[in-house]
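> structure for this input, please:
(one chain, ligands or ions: 3)
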Amino acid sequence: MTQTLTIRRPDDWHLHLRDGDMLRAVLPHSAGHFARAIIMPNLVPPVVTGADAAAYRDRIRAALPEGSAFTPLMTLYLTENTDAGDVAQAYADGLIHAVKLYPAGATTNSASGVTDFSRVSHVLEKMAEIGLPLCTHGEVTDTAVDIFDREAAFIDRVLDPIRTAHPDLRVVMEHITTSDAVDYVLASDRNLAATITTHHLVINRNHILAGGIRPHYYCLPVAKRESHRLALRRAATGGDPRFFLGTDSAPHTDANKLLPCGCAGCFTAPNTLSILAEVFEQEDALDRLEGFTSLHGPAFYGLPVNEETLTLVRETPDFPAHIDTPDGPVTVFDPAMPLHWTA
Ligand SMILES: NC(=O)N[C@@H](CC(=O)O)C(=O)O
Ligand SMILES: [Zn+2]
Ligand SMILES: [Zn+2]
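Ligands and ions are numbered 1, 2, ... in the order given. Predicted coordinates:
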């Protein structure tokens with residue numbers, strides 16, 4: 001039995017670091033394992049201009065543990081007022097690596113997102129021209145659409161029309177949760193990829209709702225039925241370079257999770273790699289873990305792979321149930337299965 005597994009150092013292509021005290025509390029958990037991460041811009045207020053992104057990057061750098069080589073890859077939050085020239089300049093400066101599309105109201109801190117997609121088409125056109133990827137939170141917000149159908153509806157109503165109108169636009173479907181999304185990626189011939197989270201490889205909607213409501217498993221897009229989880233596992237472990245890791249580690253204090261209307265998000269940064277190794281071993285695909293965590297993402301984003309490595313050891317990992325932050329405890333995602341790999 002394999003006792004150690006050495007892979008190129010992973011990157012996280014979808015990460016929420018927040019700001020201030022929360023940033024300082026959660027950042028070491030990602031910086032300890034990952035070389036780089038695409039940093040989500042859904043702060044309050046959001047990161048909308050190049051100047052905002054530069055300032056946020058500097059706050060992240062200042063919060064890094066001594067000696068850490070972690071590189072934050074910044075993104076801009078697309079609004080109906082986004083200035084295409086500012087976006088292009090931030091990309092030319094090497095400051096940003098993607099622009100994030102949130103349909104207004106779709107998820108945590110998305111109030112400034114897009115309502116009328118025609119109002120951002122000039123920005124998308126510029127991005128297509130310069131090769132800057134668009135990352136999408138792929139859910140419609142139409143209250144008439146069932147929450148479990150919102151990802152599939154987004155593909156039909158929003159994403160496919162955008163890709164038809166802008167065929168050169170490079171798109172990452174973030175945190176996909178359905179076989180519909182997997183199939184849509186597989187049917188594409190170019191300019192499309194998807195991130196998959198750790199938790200969506202582990203939980204289905206029963207984890208949230210069966211035998212009592214479990215707010216710590218509530219995230220958006222919400223976990224779907226088991227057949228979708230199995231499709232995600234096949235996609236993640238199958239070796240196709242269009243699928244790569246975006247943990248979507250999204251810390252909220254327990255106080256904010258455990259409300260009558262609690263926040264969406266799973267905090268997976270501390271145990272993500274242990275869980276992924278477990279999942280890939282269960283699928284007899286440990287040899288494909290490196291592709292998913294360390295190779296496919298850089299290839300899509302046109303960045304070099306990391307030269308440093310990370311070694312996983314077959315040892316039962318020990319994780320706290322929660323981490324303490326000045327804002328209060330943040331519960332660590334519970335994979336509800338024994339883990340055998342320590343990163
Ligand atoms: N995934 C989540 O459930 N929450 C994210 C937002 C997001 O990625 O949609 C957050 O910022 O908390
Ligand atoms: Zn999202
Ligand atoms: Zn997210």
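
> who in the stretch 201-343 of the chain is up against ligand 1?
219-220, 248, 250, 264-265 (CB under 6 Å from any ligand atom). Backbone N, C-alpha and C define where each C-beta goes, glycine included.

> mind doing that once more with 8 Å?
Residues of the stretch 201-343 of the chain found near ligand 1 (CB under 8 Å from any ligand atom) are 218-221, 248, 250-252, 263-266.

> got phi/psi on Pro215?
phi -60, psi -30 (degrees, to the nearest 10).

> dump the residue contacts of the spatially closest residue to Pro167 that is not a sequence neighbour.
Distances taken as CB to CB, 6 or more residues apart in numbering place Asn191 nearest to Pro167, at 7.3 Å, with adjacent residues excluded. Applying CB atoms under 8 Å, 6 or more residues apart in numbering, we find Asn191 in contact with 163, 167-171.

> 7 Å instead, please
Asn191 is in contact with 168-171, counting by CB atoms under 7 Å, 6 or more residues apart in numbering.

> ok, now which ones touch the residue in the chain positioned nearest to ligand 2?
Closest residue of the chain to ligand 2, CB to the ion: His137 (3.6 Å). Neighbouring residues of His137 by CB under 7 Å, 6+ apart: 101-103, 106-107, 110, 174.

> export those residues to a markdown table and append columns for distance to ligand 1.
Formatted as a markdown table, the contacts of His137 follow (distance: CB to the nearest ligand atom, whole Å):
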| residue | distance to ligand 1 |
| --- | --- |
| Leu101 | 11 |
| Tyr102 | 7 |
| Pro103 | 10 |
| Ala106 | 7 |
| Thr107 | 3 |
| Ser110 | 7 |
| Glu174 | 7 |
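
> among the residues you listed, name the ones in helices.
If you go by DSSP state H, the contacts of His137 have nothing in helices.

> ligand 2 next: which of those are close?
Restricting the contacts of His137 to those touching ligand 2 (CB under 5 Å from the ion) yields Thr107.

> show me the contacts of His137 that map onto strands.
Judged by DSSP state E, these include Leu101 as members of strands.

> ok, of the contacts of His137, which one's closest to Ser121?
Each of the contacts of His137 was checked against Ser121 using CB to CB; the closest is Leu101, at 11.9 Å.

> and Asp149, how many neighbours does it have?
Using other CB atoms under 10 Å, the number of residues around Asp149 comes to 15.

> tell me the secondary structure at it.
Classification of Asp149 using DSSP: H, G, I helix; E, B strand; the rest coil returns helix.

> Ala343 contacts Ser274, correct?
Yes - using CB atoms under 7 Å, Ala343 makes contact with Ser274 at a distance of 5.8 Å.

> hmm, which two among the contacts of Asn191 are most spread apart?
Largest separation among the contacts of Asn191 by CB to CB: Asp168 and Val171, giving 10.5 Å.

> who has more neighbours, the two?
Val171 (25 against 14).

> for the stretch 51-200 of the chain, which segments count as helices?
Per DSSP state H, counting those that start in this stretch, the stretch 51-200 of the chain has helices spanning 84-92, 121-130, 150-154, 160-165, 179-187. These are given in chain order.

> just to revisit the earlier point, and the contacts of His137, which are buried?
101-103, 106-107, 110, 174 (16 or more other CB atoms under 10 Å).

> for His14, find the nearest of the helices of the stretch 51-200 of the chain.
When these are ranked by proximity to His14 (CB to CB), helix 179-187 comes first, at 14.1 Å.

> any idea of the mean pLDDT for the closest one?
Averaged across helix 179-187, pLDDT comes to 98.

> got the phi and psi for the nearest residue in space to Asp12 that is not next to it in sequence?
If the residues on either side of it in the chain are set aside, Asp12 comes closest to Ala37, at 4.0 Å by CB to CB, 6+ apart. The phi and psi values for Ala37, taken as degrees, to the nearest 10, are phi -150, psi 140.
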